[in-house]
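K.L.:
what's the 3D shape of this:
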Amino acid sequence: MVSVLSLSGLIPVVQHGLAAMEARPSRKRVLIAGAGLAGLAAAYELISAGHTVQILEARQRPGGRIHTLREPFSPGLYGEAGAMRIPRSHTLTMAYVKKFNLATTDFVMDNPNAYVYLGGIKRRWSEAMVSPDALGFEVAPHEKGKLAGQYWEETIRPLIEQIEREGEAGWQEIYAKYDEYSVREFLELKGWSEGMIEMFGLLNNQEAMMNSSFLELFREDAGRYYTNMCQIVGGMDRLTQAFLPLVESSIRYGAKVIAIDQTPTEVIFHYQTAAGRFEARADYAIVTIPFPVLRHIEILKPFSHAKQRAIRQLHYDASAKIFFQTRRRFWETDEGIFGGGTVTDLPIRNLYYTDYGRESGRGILLASYTWSEDAQRWGSLPPHERIEQALENVAAIHPQIIAEFEVGASYMWHDDPFAGGAFALFDPGQQTLLHDEIVKPEGRIYFAGEHASLYHAWIQGAFESGLQAAIAIHRKDSDA
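P.N.:
Below you'll find the model as predicted:
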């Protein structure tokens, strides 16, 4: 197993580079599959330290699952098809934001002026907070008067206090005790009524995630990911672009890796471009390709049995977003909603009010953000029907949309051939069963990407894993 640095140990690498670590005279040639943030960060640090890097990227753009859609929208407007927010508690991600002097602004998660739309009844969040029982969920007597989010915080508070007392030992005990539980099974274990579980699923955007590992949800809430968030001014692709002055000349776009081989002394990538088939050779390689995509790449010298199992079994979740450009920002001018989101039991499920583009007078609504089965249902529709049905849903909450709608767009990550899903999301038991095998190198091949961390679905997972791989290669002796 490769030794890894703690998250705090990685921040000096961002600030000062690999050269700030122990001196290593040997310079390596490194192949990287994928120009997402894991690949870009690894390449940036390796190039800065004097290593030779070649990145093969199947798409015609960098960034991976950072994907800022600027078409078909008016100038200055965009939709974040991928990552759209950064928890300020993600210190590694914020270290790169600071390094590149990227301006940020708050990402508003909760807004009492936004709506809860359930069973055809529209209420402001502020009303729901005051009168949870009016929402009509059949909760147990001891649960009355509480919103599900409040009850969830009470339920997990003893576990958070355990971590505060015991630190890493507390985390390990929680992992060992609860890895086998799905979110639903954990709630049932803690005595939640079916009505409270339903409320949690609808109001806290968890209904499609109930069969996922409890640990995935707990990690986010214990880390307070959603309590203090920001977004990059001008679009999340500004973070991608910040790496390019140093890295872009090392990227070959439109280069799809189709086979991977290695010998005792080098790694070989076989890849396809519009011009034909080629190969690239280097001393080491970093594979950042998501496992659903890696599953279709030929491994000429098979990986270990445990790695093959991890590639086959790791669960990836679906995700879908639908965007509307509007002629005016009616949710602000008519309804006093500045940021935050509305939740509903309609197929759109979650609607977010973006706060950029005011100078244009127009606006972008994230009309629908869905996961898992909710997202797959949208993906089964032709693109024009997604827009039409989302318009009908939004009109039930905001009738103005019919007059103000100008253009729409959608993105389905589970239909993206170079992603194979939105992000890794453990099923119950998979952290214990698969995580160590996901991150282990195979000979001269290292693995990175959000799936090769415990920060699934977050930029920080890409950065953490990319830096760990870069450090491991940097530390290698020339004859290793």
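
K.L.:
C-alpha only now, for contacts and for neighbours.
P.N.:
Will do.

K.L.:
state whether Gly408 is indeed within a strand.
P.N.:
Yes. According to DSSP: H, G, I helix; E, B strand; the rest coil, Gly408 belongs to a strand.

K.L.:
what sits against the residue nearest to it when sequence neighbours are not counted?
P.N.:
Leaving aside its chain neighbours, Gly408 sits nearest to Phe324 (4.4 Å; criterion: Cα to Cα, 6 or more residues apart in numbering). By Cα atoms under 8 Å, 6 or more residues apart in numbering, Phe324 lies in contact with Ile364, Leu365, Leu366, Ala367, Phe405, Glu406, Val407, Gly408, Ala409.

K.L.:
and Phe324, which of the three is it?
P.N.:
Of the three states, Phe324 takes strand according to three-state DSSP.

K.L.:
do you know how far it is from Gln206?
P.N.:
Distance, Phe324 to Gln206, using Cα to Cα, to the nearest Å: 24 Å.

K.L.:
thinking again about what came up before, what's across from the residue nearest to Gly408 in the sheet?
P.N.:
Taking DSSP bridges as the rule, Phe324 bridges to Leu365, Gly408.

K.L.:
any idea of the mean pLDDT in the helix of greatest length in the chain?
P.N.:
Assignment by DSSP state H gives helix 148-166 as the longest helix of the chain. For helix 148-166, mean pLDDT rounds to 96.

K.L.:
mind checking pLDDT for the residue of the chain most remote from its centre?
P.N.:
What lies farthest from the middle of the chain is Pro141; by Cα atoms, centre = their mean that is 37.5 Å. In this model, Pro141 is scored at 96, pLDDT.

K.L.:
could you pull up phi and psi at it?
P.N.:
Pro141 adopts backbone torsions of phi -50, psi -40, taken as degrees, to the nearest 10.

K.L.:
what of Ile299?
P.N.:
Dihedral angles (degrees, to the nearest 10) for Ile299: phi -100, psi 100.

K.L.:
just checking, it touches Asp261?
P.N.:
Yes. Counting by Cα atoms under 8 Å, Asp261 is a contact partner of Ile299 at 6.2 Å.

K.L.:
quick check: next helix or strand after the lowest-mean-pLDDT helix or strand in the chain?
P.N.:
Using mean pLDDT, DSSP states H and E, the weakest-scoring helix or strand in the chain turns out to be helix 7-16, at a mean of 91. Counting by DSSP states H and E, the next helix or strand C-terminal to helix 7-16 is strand 29-33.

K.L.:
ok but Lys122 is inside a helix, no?
P.N.:
No. Read with three-state DSSP, Lys122 is strand and lies in no helix.

K.L.:
can you pull the contacts of it?
P.N.:
Residues in contact with Lys122 (Cα under 8 Å, 6+ apart) are Tyr115, Val116, Ile397.

K.L.:
most surrounded residue in these?
P.N.:
Val116 (26 neighbours; other Cα atoms under 10 Å).

K.L.:
need the phi and psi values for that one.
P.N.:
With angles defined as degrees, to the nearest 10, Val116 sits at phi -110, psi 120.

K.L.:
so what's it bridging to?
P.N.:
Residues in a beta bridge with Val116, per DSSP bridges, are Arg123, Val343.

K.L.:
what's the separation between it and Arg124?
P.N.:
Counting by Cα to Cα, the gap between Val116 and Arg124 amounts to 6 Å.

K.L.:
and the spatially closest residue to Arg70 that is not a sequence neighbour, what does it touch?
P.N.:
Among residues not flanking Arg70 along the chain, Tyr78 sits closest, at 4.6 Å (Cα to Cα, 6+ apart). Contact analysis of Tyr78 by Cα under 8 Å, 6+ apart lists Thr68, Leu69, Arg70, Glu71, Gly235, Ile364.

K.L.:
tell me the one of these nearest His315?
P.N.:
Thr68 (25.1 Å; Cα to Cα).

K.L.:
check what pLDDT that closest one gets.
P.N.:
For Thr68, pLDDT reads 98.

K.L.:
what's the burial count for it?
P.N.:
When neighbours are counted by other Cα under 10 Å, Thr68 comes out with 20.

K.L.:
CA atoms only for stretch 277-285, dumped as CSV, please.
P.N.:
What follows is stretch 277-285 as a C-alpha-only set of coordinates in CSV (Å, rounded to 0.1, in the frame of the first residue of the first chain):
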residue,chain,number,x,y,z
ARG,A,277,-4.5,4.4,-33.4
PHE,A,278,-1.3,5.3,-31.5
GLU,A,279,0.6,4.4,-28.3
ALA,A,280,2.3,6.4,-25.6
ARG,A,281,4.9,5.1,-23.2
ALA,A,282,6.2,6.4,-19.9
ASP,A,283,7.7,5.3,-16.6
TYR,A,284,4.5,5.6,-14.6
ALA,A,285,0.8,6.4,-15.3
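
K.L.:
chain center to it, what's the gap?
P.N.:
Stretch 277-285 sits 29 Å away from the centroid of its parent chain (Cα atoms, centre = their mean, to the nearest Å).

K.L.:
offset the numbering so it begins at 24, please.
P.N.:
Right, with 24 as the first residue, what we last looked at is stretch 300-308.
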